[in-house]
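Undergrad: Can you look at this prediction? I've put the sequence above it.
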Amino acid sequence: MSTHDRTEPTREPLTGTLIFERGAAESRCVEAPPLDVPVVSLGGYARAAAPALAHVTEVDIARHYERLASANFGVDSGFYPLGSCTMKYNPKIDEWACRLPGFAGIHPYQAEETVQGALELMWGLQESLAEVAGLPAVTLQPAAGAHGELTGLLTIRAYHTAQGDPRKRVLVPDSAHGTNPATVAMCGYEVVQVPSDERGGVDLDALRGLLDTDVAALMLTNPNTLGLFDENILAITAAVHEVGALAYCDGANLNAILGKTRPGDMGFDALHINLHKTFATPHGGGGPGAGPVAVTGALAPFLPGPVVGMTDDGRYTLVTPARSIGRVRSFLGNFGVLVRAYTYIRALGGQGVTEVAEQAVLSANYLRVRLGDAWPVAYDRVCMHEFVLSGGTMRKEHGVRTLDVAKRLLDYGYHPPTIYFPLIVDEAMMIEPTETESKATLDRFADVLLAIAAEAAEDPDLLHGAPYTTPVRRLDEAAAVKEPDLAWRPQEGAGV
Ligand SMILES: Cc1ncc(COP(=O)(O)O)c(C=O)c1O
């Protein structure tokens, strides 16, 4: 394997000329046709100065966008093992389906009888997700996983309130994704942390000690964010129910158990499903996405409306559940995303989705075993679809941090795994290969990570300085996120 030295460039720097610095005042991309309507004065509405637009030719603008697009990294460009995020390949047939004119061209205000096909699709998706979840009622409205969490917990709150027993607290394991405690707080509940046990599952004794009649719910991810299936799941949900609380499943990791086991059968009362993690819809950078929620019959009357129902004569119709918490999204949710997910399910079929889970788990375990000698696996047991390595030893022995390893991976052309999450693992590196990668890809990635482990031992500074081949080197990541300066402004006196 070839390693990159400190200077070898692999792509044109992104930080070259801006589009505003290209072209010339007389350059044009389009020529407006001659005016064939009367000239009308806009009076006070007319702008005082011409807009500061770039003056470039069509070829310049094509190259500009091509350069920006090629700087992007996505699953279609390379291996993207971002743990917990499940960066699934998005099959092209799903894109084809959602662009069909009959779907793409309809309007949310159309009368129900003119959109029976679209409603049938949504109904079919509700039914499929209910089957996968093992829970009978589904809303497709939420626009993301975190939005699904909020919807599910509001539904649970409405249920408890309707019983005249609103309750105060929600329990969340210490391995949970940050959106879980955030959701709990947004719903007005107090967050109580549950410790993990030495096997990486919920500490059952500690859980029992925290459960009382003020607890509204336990919010649990299973398999959890360590990639581990909780061996005590039935005892956990039973203990929760014993005090009249409900069990909420963060379904972000459903990909690992698709067709194998169902949250409803584990005793969960509510579940959100991140369609982009399990049913291969695109990650939308916060949207548009979909995080449908499935619930038990007892919670169904509180779901947001409308949901799609079927009349006795076989027509599809929108209905609002009897004690609905109201809408959580305008219209019917992100319909294009729902079409993609339904296409994915129908294209694979029942057997196909089960094989998705099998392959995802096999790939993760293959990598876990290949990498385990160089990086200790936190909670070293057979994992599900992802696993968490600890860089604690590497930091102690060579002064190399997991962040350095992640940056070095960029030089080899890989998107790094998730790092520093879950918080309970020292120098965590969380790898999720997903089901679509070949053994050759997994082997190349493992070879690269092992090569980086050798570099860390031989030349730690090489890793401290990485990356060397990216358009920009190390950023102040907090400032880049919190104080982005993305808008171009003309410089004083530039005359643009
Ligand atoms: C375990 C877990 N829960 C919840 C979420 C939130 O999901 P979304 O990004 O769809 O809002 C994520 C996202 O990565 C996650 O990994």
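TA: Right, received. Where do you want to start?

Undergrad: Grab the nearest non-local neighbour of the residue of the stretch 101-250 of the chain found nearest the ligand.
TA: Here the stretch 101-250 of the chain gets closest to the ligand at one residue, residue 145, 2.5 Å apart by Cβ to the nearest ligand atom. Backbone N, C-alpha and C define where each C-beta goes, glycine included. Distance criterion Cβ to Cβ, 6 or more residues apart in numbering; nearest residue to residue 145, sequence neighbours excluded, is residue 274 at 3.7 Å.

Undergrad: List the contacts of the one you found.
TA: Residue 274 sits next to 86, 144, 145, 148, 251, 252, 254, 289, 291 when contact means Cβ atoms under 8 Å, 6 or more residues apart in numbering.

Undergrad: residues touching the residue of the stretch 101-250 of the chain closest to the ligand, list them.
TA: Applying Cβ under 8 Å, 6+ apart to residue 145 gives the contacts 179, 250, 251, 252, 272, 274, 277, 289, 291.

Undergrad: give me that answer again for 7 Å
TA: By Cβ atoms under 7 Å, 6 or more residues apart in numbering, the residues touching residue 145 are 252, 272, 274, 291.

Undergrad: was I right about the last one contacting residue 272?
TA: Yes - counting by Cβ atoms under 7 Å, residue 291 does reach residue 272; the two are 4.9 Å apart.

Undergrad: list residues touching both of those two?
TA: Contacts common to residue 291 and residue 272, judged by Cβ under 7 Å, 6+ apart, are 142, 145, 148.

Undergrad: Make CSV from those residues and add secondary structure to it.
TA: As requested, the shared contacts of residue 291 and residue 272 are arranged in CSV below (DSSP: H, G, I helix; E, B strand; the rest coil):
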residue, secondary structure
142, coil
145, helix
148, helix
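
Undergrad: from the contacts of residue 145, which ones fall inside helices?
TA: Cross-referencing these against helices under DSSP state H gives no overlap.

Undergrad: Sitting in strands, which of these do you find?
TA: residue 272 (DSSP state E).

Undergrad: Next, count neighbours for residue 195.
TA: Residues lying near residue 195 (other Cβ atoms under 10 Å) number 14.

Undergrad: Confirm for me that it is in contact with residue 204.
TA: No - assessed by Cβ under 7 Å, residue 195 is found out of contact with residue 204, at 10.5 Å.

Undergrad: in stretch 241-249, what counts as buried?
TA: Going by neighbour count (16 or more other Cβ atoms under 10 Å), the buried part of stretch 241-249 is 245, 246, 247, 248, 249.

Undergrad: out of the contacts of residue 274, who's nearest residue 338?
TA: residue 289 (10.4 Å; Cβ to Cβ).

Undergrad: any idea which residue sits dead centre in this structure?
TA: Centroid-nearest residue in the chain: residue 85, 4.7 Å away (criterion: Cα atoms, centre = their mean).

Undergrad: burial of the closest residue to that residue other than its chain neighbours, as a residue count?
TA: When the adjacent residues along the chain are set aside, residue 85 lies closest to residue 418, with 6.6 Å between them (Cβ to Cβ, 6+ apart). By other Cβ under 10 Å, 20 other residues sit near residue 418.

Undergrad: go on, residue 319?
TA: 13.

Undergrad: ok, it touching residue 303?
TA: No - Residue 319 is beyond contact range of residue 303, at 10.3 Å (criterion: Cβ under 7 Å).

Undergrad: Output the contacts of residue 145 as JSON lines; include the columns pLDDT.
TA: Below are the contacts of residue 145 laid out as JSON lines (pLDDT from 0 to 100):
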{"residue": "252", "pLDDT": "96"}
{"residue": "272", "pLDDT": "98"}
{"residue": "274", "pLDDT": "96"}
{"residue": "291", "pLDDT": "96"}
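
Undergrad: Which member of the contacts of residue 145 is positioned nearest residue 190?
TA: So of those, ranked by how close each gets to residue 190 (Cβ to Cβ), first place is residue 272, at 21.2 Å.

Undergrad: ok now do the closest one, which residues does it touch?
TA: Residue 272 neighbours (Cβ under 7 Å, 6+ apart): 142, 145, 148, 149, 152, 250, 251, 291, 292, 293.

Undergrad: tell me which element the fourth one falls in.
TA: This means residue 149. Assessed by DSSP states H and E, residue 149 sits inside helix 145-162.

Undergrad: so after that helix, what's the next helix or strand?
TA: Per DSSP H and E, the helix or strand that comes after helix 145-162 is strand 169-173.

Undergrad: helices and strands around that next one, which ones?
TA: If contacts are counted by 3 or more Cβ pairs under 7 Å, 6 or more residues apart in numbering; DSSP states H and E, strand 169-173 sits against helix 179-186, strand 190-194, strand 215-221.

Undergrad: now check that strand, is it near the ligand?
TA: No - applying Cβ under 6 Å from any ligand atom, one finds strand 169-173 separated from the ligand by no less than 10.9 Å.

Undergrad: ok, that strand: who's next to it in the sheet?
TA: strand 190-194 (parallel), strand 215-221 (parallel) (DSSP bridges).

Undergrad: How about the residues of this protein by the ligand?
TA: So far as Cβ under 6 Å from any ligand atom goes, the chain lies against the ligand at 84-85, 144-146, 177, 179, 221, 225, 250, 252, 274, 289, 291.
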